[in-house]
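[1] from the sequence below, what's the structure:
(chains A and B)
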Amino acid sequence: MSFEYAPAPESRAVVDIASSYGLFIDGQFTEPADGGTFKTVNPATEEVLSEVSEAGADDIDRAVLAARRAYDEVWGPMSGRERAKYLFRIARLVQERSRELAVLETLDNGKPIRESRDVDIPLVAAHFFYHAGWADKLEHAGYGPDPRPVGVAAQVIPWNFPLLMLAWKIAPALACGNTVILKPAETTSLTALAFADICRQADLPPGVVNIVTGAGETGRLLVEHPGVDKVAFTGSTEVGKAIMRSLAGSTKRLTLELGGKAANILFDDAPIDQAVEGIVNGIYFNQGHVCCAGSRLLLQESIADEAIDSLKRRLGTLRLGDPLDKNTDIGAINSAEQLARIDSLVKSGEDEGADRWSAPCDLPERGYWFPPTVFTGVTQAHRIAREEIFGPVLSVLTFRTPDEAVEKANNTPYGLSAGIWTEKGSRILWMADRLRAGVVWANTFNRFDPASPFGGYKESGFGREGGIQGLGAYLDAEAAS
Amino acid sequence: MSERIEVRKTYKLFIGGAFPRSESGRSYEVAAADGTFLANAAKASRKDARDAVLAARKGFIAWSAATAYNRGQVLYRVAEVMEGRRGQFAADVQAAEGCAARDAQAQVDAAIDRWVWYAGWTDKLAQALGSANPVAGPYFNFSLPEPTGVVAASAPQDSSLLGLVSVVAPIVAAGNAAVVIASHGRPLPAITLTEVLATSDVPAGTINVLTGDPAESMPWLASHADVNALDLTGIVDPELAATLERDAAGTVKRVRRPERPDWYGTPSLSRLRGVLETKTVWHPLGV
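    Below you'll find the predicted structure:
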């Protein structure tokens, strides 16, 4: 007996997308100097949603100038108590407009409305709320008696959690007294532009937040601009390294949150069904477009077969399709380019001899889709065990002893996150101590909170976002003792 | 009676707790500030740098696994042993830097005190930099500082002992292992320090000291995939510093840029923070 689900789409009437957007500089939407634009599409339908401006060198100059003036004249001199109130306002405005933002995020990104509504947007509000409270308490954060802001921050974010990554960047920067120029990813600009409207509603002084849209070249112009004091980047390790090289020899401060290839380690004493839910959440959440995704499943040998069977059974029940449908589990891949990358890495897995299994589901005809996929028979040498796929693809390996699990988990240049599934508390802490990763989830995965610092070891980057530790990225090096 | 001829010391590298010559067989002449010959110091090669990283990786495993209390005692022991050799260090510093005897002694005393300061930090970092985080969910969420791993450092060129200690002590106080290149022109106080390290219960490989030209050795370390962080404090040439920083990007090393602070000032936590990672653990609550 099978159950059919009637469609349950969220209404898109709640959003009003303009046919084109300018750049948000110095408190106003302005046309780009050279008039460049590009289209942003709904990856679930390939429908063009809007035209977005491409910022060039002149626009970046203007944005940096506006941010500098706002820093010197308004935001820098403003007391923390007043800054805090602006951030609280923003948090409330995000809550008030949460459904609109969730629908807009789902339209532009392709992620299920269930995730944008229940995870992304609530966390955005929480990040502003948390950091608002810091703005007038920075002297208690452990960075010296009178910590100062860094200045003008250039922030470049990815497309996987567009508005949430914006919040992770802008909230601490503003709380610490910096002004920002933020560049959203080229495929997901719309919620950042909606955020510009929230800044308007909050009466945020002009120039404190500037949003410049564009692709890689716009990002390069921004981070290399001599008027910038601080660069914060979230994205691929490859681009992170390029940014690090371009900043070499300058006085700019840098934090990087890059790729990952997290191990999710399942011990034989863990409750399998609960663990399988966590494994599914670890790699298929947000179509696997998660830098900290649990993309390598390490199974203790004695329960490997049982766990794989259970996992496949569960994957067979996931619903892939219209991201706006409230019952959808797996949405669209964010772009044709990303889909091609997933395809090519999956092909390498097949070519190198791993066994592919994909959940049986019908893929919509239009848009970019990839079914939840599991590779078994994976060795540590396979590309699918070493490279970040950034898609709904899980590579399964096995281990016998806790020591072997640690060794395999750490056998990667990345070090962003890891997961441990066991009933034994002492083993959780023993493992957590040995895993070279910035975030360790025990009997859960992909949890985020503004009070909880996030960031990587090794080639997953440096610096933390969130918590008291995250403030250090936006406070002056000398004062930040 | 004729004047006694002094017994001169051969100055060598300090790698993995041993005192090898450079495998290259090379040395260079070290002169006092007034130009008189002091010694031939070993001129470290690429192979020496790689050997030092290998030793540091082994040293890191033992050192980072030691308790914070133990690490604190070991670093305090370094200060104790230095105290007993104040005169020798002062003579070394005076010869190297050509300063007044009083100033040399002041530098030695400050260097000893610096070990004491950092020794006291080992078992406080987790409390000062760690946190229990009030997340909105059924988890005990905590963050702890952890050493980043192997740190390659260029010691200051001018302050031959205090500068060196100010760079090395925070690296190891945080639980890392160090490969440090001593001041090129003033390397002898650093070698005397290695004799103290060798007799102070510092596990082999925790601190490795190379002498020679940082412009030659640092590029090997900056591009070495098993080095986690790069401290460019003693790199004087801005072009070289920029090149090293670019090389460090290959494996996303943590980089500390060159600086020439007043080493007598009270240190901040900045050097410790720079070689620490933050690990956050979500531990479930439930019955």
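
[2] neighbours of the residue in the stretch 151-287 of chain B positioned nearest to chain A, how many?
    Nearest to chain A, among the residues of the stretch 151-287 of chain B, is B:Ala242, at 2.8 Å (C-beta to the nearest C-beta). For every residue, glycine as well, the C-beta is placed using N, CA and C. Using other C-beta atoms under 10 Å in any protein chain shown as the criterion, B:Ala242 is surrounded by 19 other residues.

[3] check B:Tyr264 too.
    B:Tyr264 - counted by other C-beta under 10 Å - has 12 other residues nearby.

[4] wasn't it part of a helix?
    No. Counting by DSSP: H, G, I helix; E, B strand; the rest coil, B:Tyr264 is not found in a helix; it is coil.

[5] show me the contacts for it.
    Residues in contact with B:Tyr264 (C-beta atoms under 8 Å, 6 or more residues apart in numbering or on different chains) are B:110, B:162.

[6] one more: A:Ala173?
    A:153, A:155, A:179-180, A:230, A:232, A:474.

[7] wait, isn't the residue of the stretch 151-287 of chain B closest to chain A in contact with A:Ala248?
    Yes. With contact taken as C-beta atoms under 8 Å, B:Ala242 and A:Ala248 are classed as touching, separated by 4.7 Å.

[8] sorry, back to before: restricted to helices, list the contacts of A:Ala173.
    With helices defined by DSSP state H, no entry of these lies inside them.

[9] around chain A, pick out the residues from chain B.
    In this structure, chain B approaches chain A at residues B:128-129, B:131, B:133-137, B:139, B:141, B:143, B:148, B:228, B:238-239, B:241-243, B:245-246, B:248-252, B:254, B:257, B:268-270, B:273, B:277-284, judged by C-beta under 8 Å from any C-beta of the partner chain.

[10] from these, list just the buried residues.
    The neighbour-count test (16 or more other C-beta atoms under 10 Å in any protein chain shown) applied to these identifies B:129, B:131, B:133, B:135, B:139, B:141, B:143, B:148, B:228, B:241-243, B:245-246, B:248-249, B:251-252, B:254, B:257, B:268-270, B:273, B:277-283 as buried.

[11] of all residues in the stretch 151-300 of chain A, which one is closest to chain B?
    Proximity to chain B, evaluated over the stretch 151-300 of chain A using C-beta to the nearest C-beta, is greatest for A:Gly249 at 2.8 Å.

[12] and the helices in the stretch 1-150 of chain A, which stretches?
    A:57-70, A:80-96, A:98-109, A:113-115, A:121-134 (DSSP state H, counting those that start in this stretch).

[13] name the residues that touch the third one?
    Think helix A:98-109. A:10-12, A:14-15, A:17, A:40, A:42-43, A:49, A:94, A:111-113, A:116-117, A:120-122, A:124-125, A:159-160, A:162-163, A:187-191, A:194, A:323-324, A:331, A:334.

[14] again with the fourth one
    With C-beta under 8 Å, 6+ apart as the test, helix A:113-115 has contacts from A:10, A:102-103, A:106, A:285-286, A:323-329, A:331.

[15] about what we covered before: and the residue of the stretch 151-300 of chain A closest to chain B, that's in a helix?
    No. A:Gly249: not assigned to a helix; according to three-state DSSP it is coil.

[16] burial measure for it, as a count.
    By other C-beta under 10 Å, 18 other residues sit near A:Gly249.

[17] got a list of what it touches?
    Neighbouring residues of A:Gly249 by C-beta under 8 Å, 6+ apart: B:238-239, B:241-242, B:245-246.

[18] sorry, back to before: could you list which of the buried ones among the residues of chain B next to chain A belong to helices?
    B:129, B:241-243, B:245-246, B:248, B:270, B:273.

[19] now for those: which two are most distant?
    Maximum pairwise distance in these, criterion C-beta to C-beta, is 31.5 Å, between B:Leu129 and B:Thr243.

[20] okay, and the beta partners of the closest residue to A:Arg68 other than its chain neighbours?
    Leaving aside its sequence neighbours, A:Arg68 sits nearest to A:Val152 (C-beta to C-beta, 6 or more residues apart in numbering or on different chains; 5.4 Å). Taking DSSP bridges as the rule, A:Val152 bridges to A:Thr179.

[21] surely A:Val152 touches A:Tyr71?
    Yes. Under the contact definition of C-beta under 8 Å, A:Val152 touches A:Tyr71, with a separation of 5.7 Å.

[22] between the two, which one's more packed in?
    Under the neighbour definition other C-beta under 10 Å, A:Val152 and A:Tyr71 were set side by side, and A:Val152 has more, 28 against 23.

[23] how close does the more buried one sit to A:Trp369?
    Counting by C-beta to C-beta, to the nearest Å, the gap from A:Val152 to A:Trp369 is 41 Å.

[24] repeat for B:Val116
    63 Å.

[25] tell me which of the two has more neighbours.
    Here B:Val116 and A:Trp369 are compared on neighbour count by other C-beta under 10 Å; more neighbours surround A:Trp369, at 22 against 17.

[26] are we agreed that that one is in a helix?
    No. A:Trp369: not assigned to a helix; according to three-state DSSP it is coil.

[27] burial count for the nearest residue to it once chain neighbours are set aside?
    Counting by C-beta to C-beta, 6+ apart, the nearest residue to A:Trp369 once its immediate chain neighbours are dropped is A:Leu363, at 4.2 Å. Taking other C-beta under 10 Å as the criterion, the count of residues near A:Leu363 is 13.

[28] isn't A:Leu363 up against A:Leu339?
    No. In terms of C-beta under 8 Å, A:Leu363 does not count as a neighbour of A:Leu339; the distance is 10.7 Å.

[29] between these two, which contacts overlap?
    Both A:Leu363 and A:Leu339 are contacted by A:369-370, under the criterion C-beta under 8 Å, 6+ apart.

[30] show me the contacts for B:Lys88.
    That one is not Lys; residue B:88 is Gln. Applying C-beta under 8 Å, 6+ apart, we find B:Gln88 in contact with B:Thr192.

[31] state the pLDDT value of it.
    On the pLDDT scale, B:Gln88 is placed at 97.

[32] residues touching A:Phe454, list them.
    A:Phe454 is in contact with A:168, A:257, A:292, A:438-439, A:448, A:464-466, A:470, B:280, counting by C-beta under 8 Å, 6+ apart.

[33] that one pairs with what?
    A:Glu465.

[34] assign a three-state SS to the residue sitting nearest the centre point of chain B, would you?
    Nearest to the centroid of the C-alpha atoms of chain B, with distances taken as C-alpha atoms, centre = their mean, sits B:Val168, at 2.4 Å. In the three-state summary, B:Val168 is assigned as helix, counting by three-state DSSP.

[35] wait, it sits on B:Ile207?
    Yes. Taking contact to mean C-beta under 8 Å, the distance of 6.1 Å between B:Val168 and B:Ile207 places them in contact.

[36] need the residues touching each of the two.
    B:178, B:180.

[37] please name the nearest non-neighbouring residue to the residue of the stretch 1-150 of chain B found nearest chain A.
    Of all residues in the stretch 1-150 of chain B, B:Val135 sits closest to chain A, at 3.8 Å by C-beta to the nearest C-beta. The shortest distance from B:Val135 to any residue that is not its chain neighbour, by C-beta to C-beta, 6+ apart, is 3.8 Å, and that residue is A:Asp449.

[38] need the pLDDT of that neighbour.
    A:Asp449 is given a pLDDT of 98.

[39] identify the residues contacting residue 33.
    Answering for chain A, as no chain was given. By C-beta under 8 Å, 6+ apart, the contact set of A:Ala33 is A:56, A:58-59, A:62.

[40] chain B, not that one
    B:95-99.

[41] and the buried ones among these, selectable in PyMOL?
    With 16+ other C-beta under 10 Å as the burial test, the buried ones among those are selected in PyMOL as follows:
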select buried, chain B and resi 95+96+97+99
